[in-house]
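> this is a predicted model, with the sequence first.
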Amino acid sequence: MKSITTDLQAHLDDGTTTLAWCWRITRADGVTFGFTDHDRTLSFDGTEFEPESGLTASEARSGSDLSVDAQDAEGVLTSDRITETDILDGRWDNAEVEVWRVNWADNGQRVLMRRGAIGQIRRGRLAFVAEVRSLAHVLGQTVGRTFQATCDAALGDARCGVDLENTAFKGTGVVIDLLRDRAFTASGLGDFEAGWFTFGTVEWTSGASAGRKAEVLGHDVADGIAVLTLLEAPVRAIAEGDAFIIRSGCDKRMATCGAKFANTANFRGFPHIPGQDAVLRYATKDGGHEGGVL
């Protein structure tokens, strides 16, 4: 049940209303945006809600069970604060959303209708549709550890303990030549053997993608020159002379943890867990069932 002020209730009871929808969106980087379907800018709680985006919303749906309720917000990419490249960069993914019902004639009369997060964003040539998921979507996320042979820690986090700022696992380079949209040769990495940065990350320090990170799919060496292939083509094109910081990657195997990082003590996998062959194994007459280690 929503709790509304007596002034807003009186306005609703009057029959003739001046109501508008307002959306406050807070991205993961802390930047806050405000949008409204009203025809002029509204302002409250330190946020200005702009009408220029053409943002409109579908009906708000709420169920009595714990299923994820969703509402679509559709708009044209006309706001100078919503850019196609930011959407492709993932900056709007899982952004926090507040949906307000506001009396535009008196901003003090308003009620918070729901909270949620940005889900799937479908993009067309001229418009986008963003799914606003209810807080129930958090209940569908996996919590806890998974029993698996490979490590479930993120390389360099507190559970892993590897220092990725160590010069043995960190390098700086400059793009020499672009081979494909996501593959390029780079200088400055001649001291590292092929594969050292596979599954690692590139952090761009200059160029169109400055400040952004990308995952490395492959690291090869040809005639002493590093050849890097990114997992995905960057939204902003790579250019000759773009500088970057690159950090090592890990394939999550115990052998790599020991040989590459000397970090076996912090390995967070279960390398001796029985595999599917043990589950599917059946008894035979020729022995081998004395209770020893498989």
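Okay, I see it.

> can you give the strand pairings for the helix or strand harbouring residue 112, parallel or anti for each?
Residue 112 is part of strand 110-123 when elements are defined by DSSP states H and E. Paired strands of strand 110-123, with direction, are strand 96-103 (antiparallel), strand 127-134 (antiparallel) (DSSP bridges).

> what separates the first one from the chain centre, distance-wise?
So the one you mean is strand 96-103. 24 Å (C-alpha atoms, centre = their mean, to the nearest Å).

> pull out the buried residues from it.
97-103 (16 or more other C-beta atoms under 10 Å). Every C-beta, even on glycine, is put in place using the N, C-alpha and C of the backbone.

> tell me which of those is nearest to residue 229?
residue 97 (35.7 Å; C-beta to C-beta).

> so what pairs up with that closest one in the strands?
residue 25, residue 116.

> residue 49 too?
residue 42.

> checking residue 279 next. Helix, strand or coil?
helix (DSSP: H, G, I helix; E, B strand; the rest coil).

> any idea how many residues pack against it?
Residue 279 has 7 neighbouring residues, counting by other C-beta atoms under 10 Å.

> quick check: the gap between it and residue 149.
With the distance defined as C-beta to C-beta, to the nearest Å, residue 279 ends up 14 Å from residue 149.

> dump the buried residues of strand 96-103 to CSV, plus pLDDT.
Listed next are those as CSV, based on pLDDT from 0 to 100:
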residue, pLDDT
97, 85
98, 87
99, 85
100, 89
101, 90
102, 93
103, 92
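
> and which of the residues you listed is nearest residue 223?
Closest to residue 223, out of all of the buried residues of strand 96-103 and judged by C-beta to C-beta, is residue 97, at 51.1 Å.

> residue contacts, that closest one?
23-26, 115-118, 132 (C-beta atoms under 8 Å, 6 or more residues apart in numbering).

> just the buried members of these?
23-25, 116-118, 132.

> quick revisit: the strands paired with strand 110-123: which one's closest to residue 145?
It is, among the strands paired with strand 110-123 and with distance given as C-beta to C-beta, strand 127-134, at 25.1 Å.

> mind listing what the next helix-or-strand element following that closest one pairs with, with the direction of each?
Next in sequence after strand 127-134, counting helices and strands by DSSP H and E, comes strand 170-180. Here strand 170-180 is paired, per DSSP bridges, with strand 183-187 (antiparallel), strand 243-247 (antiparallel).

> for residue 5, find the nearest of these.
Using C-beta to C-beta, the strands paired with strand 170-180 put strand 243-247 closest to residue 5, at 51.9 Å.
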